[in-house]
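[1] coords below, sequence missing:
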């Protein structure tokens, strides 16, 4: 068990247009913070030592990824054939998911939310390592509305700290998930153009400021990693 915190920034793309993802990638590169990007869709993104690409399939009914669990997972896996990690949309999971991951040669998963627990660590079963999420932006915004600071309780305590963010909330600088929904107001997220989306961005406190503060804190820290590098 580690006696220090180990950080890992993760991003779920959730069908955002390319320019929203690029905004987040620029923030990561400017701060020199490594991250794992779990992708729902085809993006122009290069896998590197700093930026890892993972899979983010929607395994639920009415998914646009397919009409069965196998077809949904296979669709996203075909977009990124070199990916070795995944996080399912909405952390969908059941025991037979291990069979699916093993079939597609996935080495790790991060579809488990265990918020704000000290001494968290990964565990491995049937050759698949699972990395629990320590803090997600949805939860953080719920507990800390209208702020520009990332300071979850226990940030510096020992254990694995997988941080979970969404580009759509960062782009709109939302204070809550409901605020993002209100900003979109029925618009199709994947079809938004940059000019329209830019006009909808909020000023003031919100998740873009929170994410920037998190990156500021993690910049240059040797104990910040992609999930792949923690295997």
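    Right, received. Where do you want to start? Everything numeric here is computed off the predicted structure, so don't read it as measured data.
[2] need the contact list for the nearest residue to residue 39 once chain neighbours are set aside.
    Nearest non-adjacent residue to residue 39, counting by Cβ to Cβ, 6 or more residues apart in numbering: residue 13, 5.1 Å away. The C-beta positions use only the backbone N, C-alpha and C, and glycine is treated the same way. Residue 13 makes contact with 21, 37-41, 43, 56, 167, according to Cβ atoms under 8 Å, 6 or more residues apart in numbering.
[3] Roughly how far does residue 13 sit from residue 97?
    As defined by Cβ to Cβ, to the nearest Å, residue 13 lies at a distance of 20 Å from residue 97.
[4] Now do the strands in this protein.
    5-12, 35-39, 51-55, 85-86, 108-109, 123-125, 128-130, 133-136, 159-165 (DSSP state E).
[5] Between strand 35-39 and the longest one, find me the angle.
    Strand 5-12 runs at 30 degrees relative to strand 35-39, counting by axes from the mean of the first three to the mean of the last three Cα atoms, to 10 degrees.
[6] tell me the angle of strand 5-12 relative to strand 51-55?
    60 degrees.
[7] what packs against strand 5-12?
    Here strand 5-12 touches helix 18-31, strand 35-39, strand 159-165, helix 207-218, going by 3 or more Cβ pairs under 8 Å, 6 or more residues apart in numbering; DSSP states H and E.
[8] got it, and the fourth one?
    The helices and strands touching strand 85-86, judged by 3+ Cβ pairs under 8 Å, 6+ apart, are strand 35-39, strand 51-55, strand 108-109.
[9] Ok, which of these comes nearest residue 157?
    Within the helices and strands packed on strand 85-86, the stretch nearest residue 157 is strand 35-39; the backing value is 21.7 Å (Cβ to Cβ).
[10] partners of that closest one in the sheet?
    Next to strand 35-39 in the sheet, as set by DSSP bridges, lie strand 5-12 (parallel), strand 51-55 (parallel).
[11] returning to what we had before: tell me which of the helices and strands packed on strand 5-12 approaches residue 225 most closely.
    strand 35-39 (9.0 Å).
[12] Identify each buried residue in the closest one, please.
    Buried residues in strand 35-39, counted by 16 or more other Cβ atoms under 10 Å: 35-39.
[13] which two from those residues end up farthest apart in space?
    By the measure Cβ to Cβ, 35 and 39 form the most distant pair in the buried residues of strand 35-39, at 12.2 Å.
[14] Helix or strand, whichever it is, which one in the protein has the lowest mean pLDDT?
    In the chain, no helix or strand scores lower on mean pLDDT, DSSP states H and E than helix 137-143, which sits at a mean of 93.
[15] Relative to residue 114, how far out is the residue nearest to residue 39?
    According to Cβ to Cβ, residue 13 stands 23 Å off from residue 114.
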